[in-house]
Structure formats: C-alpha cells, structure tokens
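Chemist: Below is the structure, and that's it, no one-letter string:
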C-alpha cells in the first residue's frame, strides 16, 4: 500500500528536494510522523517541531527553513497538498449497491440501482435516491425528498418530506434536515402559541458536509439553502429561511436565527450565533462565542457579544481587565482634586 | 384548492376593504407574495415593503396606512390571523392508522387502533400510544411510557421508560425525552464519580412542540415538567427537575441547569442559559446568549452574562465600547492635575 | 422492598443516632421526603430545610446541627452516601441476553452470548460486543468497533467504524461517537474546501457516561480519548484529537475544539468552550459560558469569555455594572478641573 514519493509529489505539483526514491506508506502530523510517513509544515510557529520531526518527507512552502538532511516536497500550499495526499491514502469507503432486505423502501420511491440502502433505513413515497448514494441504518428520507448522487447519509440521519440534498454530500449521524422552523403567533385571548405552518423546504447544494446532530430547519415559505461546498460542524442550528454560503464554514454549536443570510466563504467560530433577518457578507469572519446582532460587512473580522471589529474588541477586553486599575485612578484623582480645591498640598 | 377571501376573512373575524370577491390560493410574506396570495403586515418598520408588495390581499391591523388599491383584511392581530389562515391552507398530514409489519410493538404495550406506528418504530412493554398518535421510523417509546392522542413523534425520537407525553404534541426528529439527569457524587478515595440514580420521569403536557435534537432529562426524584403549550426549538437542553411553562418559549440551543423553574410565558433567547436552582418569573424575557445566575422577577427583561436589566446592559455595552475613550480622559486628567499641582499652566 | 436503616448505614459506614430499627423504603430530597424515606443534608445553606423536613432519617456530616428528634446517620460525606444508598434502591435494569430477531448483526461480528441486542440495532462486520452489554433499538455499531462489558448504548446511539468503548459505560440516546473531525484545507483556485481524511478513532475508557445527543469526533490521525470515569452531559461537542480526563466533568452544551487536552478531574460548566490546541490542567474549573483561549493551569478557577481568574472576573463584572457611575465621575472631575484651571471656584 506504499506509494512512491515521486508519484505523490506529481499529484500535488510539488518539487522534491532530497531523496526522490522514497516509498511513503502514510501521512501524519510532524510530532508523530516517523519512517515511511509524509507530513507537512505550514506555519513558522512550528519551526522547532519541523526540526525535531522524524518524518520521512515533509511538504513545505516557499518559506521553509533549510532542509538539513530531511527530504522536502516544495509546494504552493503545504496544508492543501497534505489534504490531497491524505485522500490518496484514504479513499472513500465503497459499499455494495442494493437495497438490503431489512430496509423500508416505499414502492413509489425511486432508488438508483447503484445506491446502497442498508437494513433499517427508510425511503418514503415519492422520494428519490441517486446513484452511489449510501443510506446507513436508521436513515429516514421523507416523502418526495431527493438525495443526490454519491451522497452519504450516516446512521439515523433524517431528511424530512420534500427536502432536496445535492450530490457528493456527507451527513454525519443524527443530522436533521427539514424539521419545522420555529414560528408561532401568540393568541393572548386563549392564550396559546398558534403554529405558523412551515410549508417550505431545505435545499442543500452539492459537496456539503454536515456534522453530527446538526439541524437545518425548513423554510416557512420557500427554501432554506445551504450553498455549494459549505462545511458545517456538529450540533449546529440553522433556522428557517437562512441562506448559507457557498463555501461557508460553521464551526460546532453555531446557531443562526431565522432568515440569516451568509455570503460566500463566511466563517463562524464555535458557539457563535446570529439574530435573525440580517446579512453577513462574503468572506466575513465571526469569532467564537460571538453574537451577531446586525449586518456584518463582507471581509470584516468581528468578535464579541454583541460583535465589534476584532481590533476594538481586543482593546476593550484589555481595558476591561484593567478596569480595577482605572477605577483606582479615578478615586485618586478625586482625592487630589479635593485637596487642591481646599488649597492644601495633596 | 383556492378559497374565497370572504371565507378566510370570516375565519379570523376580519373586515374586507377592497375586492371581497378575490380567490386566494395560498399565503406568503409581503416580499414574495403575488397573484392569488394573501400576506400580512404587522410592523410599521416594514411599511415600504407593504407598499411595494404584489400580494393579492393583506391582513392588516388598525394602524395600517391607506390601502392604495390593495385589498385589505382588517383584523385585531394580523400575525395571528396569518397563522390561522396559513393553517387552513396547510392542514396536518394524515396517516393511515395501524401498526406496520416492520414495527416492534411489545405484546404488553397498548397502541390505540387509530394510532400509526411505522416500520422501524419500537413500543416497549407497558407503553401506551393514544388515538391518532403517529410514530415515525426509529422512534423508541420505552417501558411504561405514555404518548397522548394526536401526538406526532418524528423519526428517531426517544421517549425513555416511564415518561409521559400529552396530547397534540409535536416532537421533531431525534428529540430525547427522559435521559438521565446529570448527577454524581465524588468519591475522592477511589476516586470516582458515583452516579446518583435518576429515578423520576419527564411529564410533557398537552400542545407542546419540541425541536430536533432537543433533550429533556428525567428528574432525580419526581418529575421534570414541560407545561402546556410550551414551544421549544432545536438543540435545547432542559436539565433534571426543571419546570418550564406553561406557554413558555425556549429558542434554539438554550440550556437550563437542573431545577430551574420557569413561569408562564417566559421567553428565553437563543443560546441563553441558566444556572440551577433558580426561578424565572412569569412573562420574563431573557435575551439571546444570556446567562441567568440568580432569580429573575416576573415581567423582567434581562440580558447579558450574567444578566442585567436590558436597559442597564445596553448602557454598559455602550460604555464598554467607549472604554478606550474613558481611559484616555483619565490619563489626560492626571496630566492636567499634575501640572496644576506643580503650579505650571497645563 | 424496604430495607433496615441499620443495613443501609452499614453499607456506607455510617453511625445511627436515633431510631436504629427504622425501615426505609426509598430516598428523596429533604423538601419532599416523608415517612419511610431517607434523605441527606450536605450544605449549611439548607439548614432550615433540614429542620422543616419530614424525612424518616437523614444522612448528615460531622457539622450537622443537633438532631432534635430526627434520626441521623452520621457519615463522612452525606452526598456520596446518599448516592450509594440510592443505588441500592435503584439497581440497574436487567435485560434478557440474546440477539432479537429484528436486530441486524453481521455474520462476521462477535456478540457475547450474555449481551442484549434489541430489534432495530445494528452490529456491523468485525464489530465486537462484550458480555452483558445492551444495545437498544436504533443503535449502530460500525465496522470493527468494540463495545465493552456491561456497557449500555441507549436508543439511536452511533459508534462509528473502528471506535472503541470500554466497560460499564452508559451512553444516552442519540450519542454519536466517531463522526469525522472537522478539518479542511482551502483550495482558493477551484475554490473548494478539501476534506482532510479523518483516519483516527475515538477511544472511550471504562466507566464513562455520555449524555443524549453528545458528539465525540474521531481523530484525524491517532485517537480522541475520553478517559476513565469521565462524565459528559447532553449536547456536548468534543472535537478531533482531544484528550479528556480521567474523571473530568463536562456539563451540557460544552464545546471543545480540536486537540484540547483536559487533565484529571477538570470541570467545565455548561455552554463553556475551548479554542483548540491548548491544555486545561488537572482539577481546573471553568465556569459556565466561559471561553478558554489559552492554557489553564491545574487547580485554577476561571470564568468569562475570554476566561480570567474567577476573582478578577467577579471584580470586572462588578465594575462593569458600575461603569455608568465611573463615567459620571470622570465627567465631574473634568468639570471641576476646568474650573480650577480658570481659577473660578467649582
């Protein structure tokens, strides 16, 4: 299962400096990599780790220190090259196509002959499952829902009625797509919260990955959209009528209230959230645990609850830590001023 | 499937101003509503949206601007009227009653003849499922648990042993009712965390809706209670021995520690949390991402972590943003005072 | 089902003061305990509750007030003694061993004859299930995964391929062990986020409890480890390559980014989080809703976002609430100083 370093270098358009005849049997991070393993170096902060590493070969960028006996593969983007080479060592698992005897597929559902539906998975009436899609046990694909080609739904994933999932998506266990959005009108006279029917759907475009136990709610009317190539971590909440991405990143436990609109390549840090009915522009970065309460411009880096530009927040946090000092100074000033006013030396 | 506007107006006790002969085929928000669609206008902030809207007819309150050619249905509460009319267009899905052949129903369970138990759902010994209740695939109803009439448990919902769910509830996929509360006593000598048995149950009253992947823990002793008509969003945590509602609203990712007591009509914003053993009074509103660390009075509006009255918090946040300015002023004062003390002009 | 108080006292090495002949039929908290029930008193704050309690007998420590007619069982640690006695009244549920006819067990899986695999549970190829382990409906144990002796996996729990779970663990419904860690490299030219294969596993040691809908991601390379005796509440996220515990406590909705290292006996409060690649030392306590952005020393008590030592945070929060007052004082000082500078009396 080992591969020639020259083959791997060619895969990522890299130039070998050192022993081009090496055989590589796997990848690892610098700290643990050893004989036969390829690693990568992408951040000058870890220069000492690079120097101590026992990796057989290292993917490096232009700015790497002299190679000192190590074998380097010089590339434009070492992290990216590492990802592609790691994929070569870990090709996606293949599943025998077919519908297992313990699966519940409705006679009026359409399952491609090359799809895999495992025992304990359900495909409801009118649903469609594309070629090479894989449905693990406990998956529920609701009425009229559509699952695209090469998409993998891990155990206990739910795709509610009418929702649409694109090609090459990967949903981890217990993801829920298309549960009702959270919308009620208060009837004070009864009193009761009257449900506003959630009649829209969720549309997940191609190449989206969604982490375990994350939830994307269906639209009240129309569509909640997860754009192409967006990656969502575990335990994330996307409210009804949101639009996310393409190519956005939502870290674990992020929460988006209804009708939040995220542009292209937005990054939201873990446990951050947004109020509803607002926009976060292309390439904006929202820090962990932040609270977005109004629009964020494209390219902005914000943090805090409510969010501020990152630079301001850092200054505020530093000053907050020094508040006792500031309060002390004010007390001192008051004393000195009082002394001056009385004409007595302080 | 269209309905006469006059019929819809009658349904909500509204007065038509304009073309009473209209036929309505559905509802939509003002922005997207078009021919044959009914919308609503409930907030003066959206007056320009109302004016630009192509909705065939609009539910409006007393304060709506002049109708300028549009057809209005004047009602007391446009949002509420919209909810009820939307329900008329989206009646709940009906399911054929019966126990599917792939369902696992214990011989000593009691399932009403009008209930629907789909393939892949489990009803354990001694459990009861009421008339017209619907259990989707992957649902688990534990020993002795009770599910009320007309309650819908979506795919992969768990109702643990002995828990009680009322009538007309709606639980979205992967909800967990009655997992053990989180209680341990530390034995320093072993050392180990010794589990305190969680011997109580969860009781969910009628008309409760719970969002996907939300969890309500069973009581240590006694009951954790979700009161009548309470609505809970996705990924919410309710700890053991909490009492919530009736008619409370918990937004997504809220977390209540053990023995939190929420009154009637409490609203908790997204990602907010409470420490345990405290009370949040009737109609209190807790802002998003807030942390409640002590009792909150009925009717209070609080926000922040730890929470403050909303007005104070707004002031604190504004001042926090201006801290650099304040620090600068203090520095300036110190300089001027020093100059004065030396007798030199500043 | 009642037990002699003397027997219970012996179980926890306690000394009876009062009526040693009592029969006890259960345990309860002081507020609700009545005839035949044993309770505990562990905190002087609840002295009035002790005095008002109708418990038949009370577990107390050395510092308890005079017993005034009540029967006491004096022990070193009343809370711990209560846990052990409560366990005596609530022994773990027993399940008939065997593989139910509706279970999906791969012919090349190894299920101990004393294990219980319920209908609707899946054990994939090469997986191992130990003696007296219990798999509820909807459980998925992936290829090559291992489940230890006496471990209980509640409904809809997922153990992904290759992950290892120790003995005497208890996983509540919809727990997900071993979903992919969240790792991508950005290819700006396509553009796309390129997945970094997550080729490691999760190893959960013995005596670990994990709450409903909590997720522990597999390592990129190597292992994510949940150490012996660690207890994790609901809706918690543990990122790839973390090491937690032994004996740590993660409260509900905690989130650990990748490669966080928690020592022994660390406690993290509800909704707190950590950035990745950092260490939280033995016995450290992190407050609720805190954000850990750099290493925390062993034994430290920290809180806030970003965290500060608890004492500093309390002072900062108090001063933050008094900021309007401080700003007012500075304004006043400026006025008085200006007056002094002009030579006019303030």
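Modeler: All right, it came through fine. Here the structure is a predicted model, which means the values were calculated and not measured.

Chemist: tell me which parts of the stretch 51-200 of chain A are close to chain C?
Modeler: Selection of the stretch 51-200 of chain A residues close to chain C by CB under 8 Å from any CB of the partner chain yields A:77, A:79-80, A:82-84, A:86-87, A:89-90, A:93, A:102, A:118-120, A:136-138, A:154-156, A:170, A:172-174. From N, CA and C alone the C-beta is placed, and that goes for glycine too.

Chemist: in the host helix or strand of residue A:328, what counts as buried?
Modeler: Using DSSP states H and E, residue A:328 sits in helix A:323-342. Buried residues in helix A:323-342, defined by neighbour count with 16 or more other CB atoms under 10 Å in any protein chain shown: A:323, A:326, A:327, A:329, A:330, A:333, A:336, A:337, A:340.

Chemist: what helices or strands is that helix leaning on?
Modeler: Packing partners of helix A:323-342 (3 or more CB pairs under 8 Å, 6 or more residues apart in numbering or on different chains; DSSP states H and E): helix B:323-342, helix C:310-321, helix C:323-342.

Chemist: now that helix: mean pLDDT?
Modeler: Helix A:323-342 shows a mean pLDDT of 89.

Chemist: Alongside chain C, which residues does the stretch 201-346 of chain A contribute?
Modeler: A:207, A:209, A:211-213, A:229, A:231, A:233-235, A:247, A:249, A:251-253, A:265, A:270-271, A:288-289, A:305, A:317, A:320-321, A:323-324, A:326-327, A:330, A:333-334, A:337, A:340-341.

Chemist: Buried among these? Need that as a selection in ChimeraX.
Modeler: Buried residues among these (16+ other CB under 10 Å), as a ChimeraX selection:
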select /A:207,209,211,212,213,229,231,233,234,235,247,249,251,252,253,265,270,271,288,289,305,317,320,321,323,326,327,330,333,337,340
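
Chemist: any weak-confidence spans in chain A?
Modeler: A:344-346 (pLDDT under 70).

Chemist: one more time with 50, if that's ok
Modeler: Along chain A, segments meeting pLDDT under 50 span A:346.

Chemist: what ranges do the helices span in it?
Modeler: Using DSSP state H, the helices assigned to chain A run over residues A:5-11, A:47-52, A:78-89, A:310-321, A:323-342.

Chemist: Out of those, which gets nearest to residue C:128?
Modeler: Nearest of those to residue C:128, taken as CB to CB: helix A:78-89 at 25.9 Å.

Chemist: in that closest one, what counts as buried?
Modeler: Under the neighbour-count criterion of 16+ other CB under 10 Å, helix A:78-89 has A:78, A:79, A:80, A:81, A:82, A:83, A:84, A:85, A:86, A:87, A:89 buried.

Chemist: Grab the nearest non-local neighbour of the fifth one.
Modeler: The spatially closest residue to residue A:82, leaving aside those adjacent along the chain, is residue A:40, at 3.9 Å (CB to CB, 6 or more residues apart in numbering or on different chains).

Chemist: How about the residues of the stretch 101-250 of chain A by chain B?
Modeler: By CB under 8 Å from any CB, the part of the stretch 101-250 of chain A that sits against chain B consists of A:102, A:104, A:120, A:122, A:138, A:140, A:156, A:158, A:160-161, A:174, A:176, A:179-180, A:182, A:184-187, A:191-197, A:199, A:213, A:215, A:217, A:220-222, A:235, A:237, A:239.

Chemist: Return the subset of the residues you listed lying in strands.
Modeler: Judged by DSSP state E, those include A:104, A:122, A:140, A:158, A:176, A:179, A:184-187, A:192-195, A:215, A:217, A:237 as members of strands.

Chemist: Residue A:169 is in contact with residue A:149, isn't it?
Modeler: No - at 9.8 Å, residue A:169 and residue A:149 do not qualify as touching, with contact defined as CB atoms under 8 Å.

Chemist: Looking at those two, which is more packed in?
Modeler: residue A:169 (25 against 17; other CB atoms under 10 Å in any protein chain shown).

Chemist: what about stretch A:26-46, start to end distance?
Modeler: In stretch A:26-46, first residue to last residue: 21 Å (CA to CA, to the nearest Å).

Chemist: to the chain's geometric centre, what's the distance from it?
Modeler: Mean C-alpha position of stretch A:26-46 versus that of the full chain (CA atoms, centre = their mean, to the nearest Å) differs by 24 Å.

Chemist: in that stretch, what's buried?
Modeler: Neighbour-count burial for stretch A:26-46, counted by 16+ other CB under 10 Å, picks out A:26, A:27, A:28, A:29, A:30, A:33, A:37, A:38, A:39, A:40, A:41, A:42.

Chemist: Out of these, the closest to chain B would be?
Modeler: residue A:29 (31.7 Å; CB to the nearest CB).

Chemist: how many neighbours does the residue lying closest to residue A:193 once chain neighbours are set aside have?
Modeler: Spatially, and ignoring its direct neighbours in sequence, residue A:193 is nearest to residue A:184 (3.9 Å; CB to CB, 6+ apart). Look at residue A:184: counted by other CB under 10 Å, it has 17 neighbours.

Chemist: got it, and residue A:216?
Modeler: Applying other CB under 10 Å, we find 31 residues neighbouring residue A:216.

Chemist: Provide a list of residues in contact with residue A:90.
Modeler: Contact analysis of residue A:90 by CB atoms under 8 Å, 6 or more residues apart in numbering or on different chains lists C:197, C:199.

Chemist: Can you give me the separation between it and residue C:221?
Modeler: Distance of residue A:90 to residue C:221, computed by CB to CB, to the nearest Å: 10 Å.

Chemist: now do residue A:234
Modeler: Plainly put, residue A:234 is 19 Å away from residue C:221 if you go by CB to CB.

Chemist: Show me what residue A:27 bridges to in the sheet.
Modeler: Beta-bridge partners for residue A:27, by DSSP bridges, are residue A:38.

Chemist: Verify the contact between it and residue A:39 for me.
Modeler: Yes - using CB under 8 Å, residue A:27 is in contact with residue A:39, at 6.8 Å.

Chemist: what about residue A:12, distance to residue A:39?
Modeler: Using CB to CB, we find residue A:12 at a distance of 14 Å from residue A:39.

Chemist: joint contacts of those two?
Modeler: Listed as contacting both residue A:12 and residue A:39 by CB under 8 Å, 6+ apart are residue A:59.

Chemist: can you pull the contacts of residue A:264?
Modeler: A:227, A:245, A:246, A:247, A:248, A:282, A:283 are the contacts of residue A:264 under CB under 8 Å, 6+ apart.

Chemist: If we only consider these, which is nearest to residue C:62?
Modeler: Comparing the contacts of residue A:264 against residue C:62 with CB to CB places residue A:248 closest, at 58.3 Å.
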